[in-house]
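Novice: take a look and give me a structure for this.
(one chain, ligands or ions: 2)
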Amino acid sequence: MTTTTTRTLTSKQIDSVGSLLKDDRQPMGARFRALFTLKNVAGKAAIDHICEALVKDESALLKHECAYCLGQMQDSHAIATLETVLANTSEHPMVRHEAGEALGAIGTDQCLNILLKFQNDPCKDVAETVVLAVNRINHLKGNANGGDGRESSIYSSVDPAPPLEEKEVDSVEIEKLGQILVDEKESLFKRYQAMFTLRNINSDESAMALANGLDCPDSALFRHEIAFVLGQMQKPVTTDKLAEVLAQKTENEMVRHECAEALGAIATDKANNILKDYLSDEARVVRESAIVALDVSDYNNSEQFQLLE
Ligand SMILES: [Fe+2]
Ligand SMILES: [Fe+2]
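Specialist: Ligands and ions are numbered 1, 2, ... in the order given. Below is the predicted model of the structure:
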């Protein structure tokens, strides 16, 4: 749902986009677009605006997306703010999770040292995120060609785990990968590796194997990541499963949020009609996700999309 093109703006333009991001009277969709523009612009000034929104805003949804973008930007200028957010136990777990994951994505030794302090955090979503992030950094360190973890995928995202190596499993064995994915005896890191391998296969069949992961009861963090990658894949074949999980009011709201975003990314009439039922969901994170998801879907289907590239 975002673009990867870097564009140059004057510092005045950056400040006006930053003001839009931080203005809570503006519609959420417009604020998200401001955030994605700053992410593409990159640099210290853009990061400072994103960090300010991350620390000060009232919307957990906007804040978690700010943290996600800071991770994707992989600039060490954001590390101090991300640490503050990760350490703030009164912050929404989804925001703390995203701050931890972002430190893993930036991946420096400084990030590793911060993360190690939170491996046993009392919030399970945070502790699992941190263990994955530590694994990711150590994995890339042990792999001379590790780079920034971005290059091995057709998707441009920096992922919380790399796909499996070909020697570990034949990458076309969807059934085998699907078994690793849902095997609670495997480490979360290995299951994430199977997840990103299945995503990169990029077929309806691999998407449906991934969708089975939404039934794994052991980890909400895992289920939210499944929904996130289904959003990246944008396969209409997963619509019913995403809708089923979104409808479960007892499901963790981070998971329901990612299901809503994924439906917004799929952006068919059917997916959009499902989302309309959640515009006044009692969970703020879900309600705002539906608003943003419909906005993104609208935007992707409009000519305006070109303007932000
Ligand atoms: Fe996440
Ligand atoms: Fe999210």
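Novice: low pLDDT regions in this protein?
Specialist: 1-7, 144-152, 170-172, 300-309 (pLDDT under 70).
Novice: let's see 90
Specialist: Counting by pLDDT under 90, the ranges of the chain that qualify are 1-8, 141-156, 165-172, 295-309.
Novice: for it, identify the residue most remote from the centre.
Specialist: Lys12 (29.2 Å; C-alpha atoms, centre = their mean).
Novice: neighbours around Leu246, how many?
Specialist: Per other C-beta atoms under 10 Å, the neighbour tally for Leu246 reads 26. Just so you know, the C-beta spots here come from the backbone N, C-alpha and C atoms, and that holds for glycine as well.
Novice: same check on the one 10 residues further on?
Specialist: Using other C-beta under 10 Å, Arg256 has 27 other residues around it.
Novice: ok, the one 4 residues further on next?
Specialist: Ala260 is flanked by 32 other residues according to other C-beta under 10 Å.
Novice: just confirm it contacts Lys276, I think it does.
Specialist: No. If you go by C-beta atoms under 8 Å, Ala260 and Lys276 don't touch, sitting 11.0 Å apart.
Novice: give the residues shared as contacts by these two.
Specialist: By C-beta atoms under 8 Å, 6 or more residues apart in numbering, Ala260 and Lys276 have these common neighbours: Ala290.
Novice: report the distance from the helix or strand containing the residue farthest from the centre of the chain to the chain centre.
Specialist: Here Lys12 sits within helix 11-22, counting by DSSP states H and E. In terms of C-alpha atoms, centre = their mean, to the nearest Å, the centre of helix 11-22 is found 23 Å from the chain centre.
Novice: beyond the helix or strand containing Met94, next helix or strand please.
Specialist: If you go by DSSP H and E, Met94 is part of helix 93-106. With elements assigned by DSSP H and E, the helix or strand that comes after helix 93-106 is helix 109-116.
Novice: thank you kindly, that will do.
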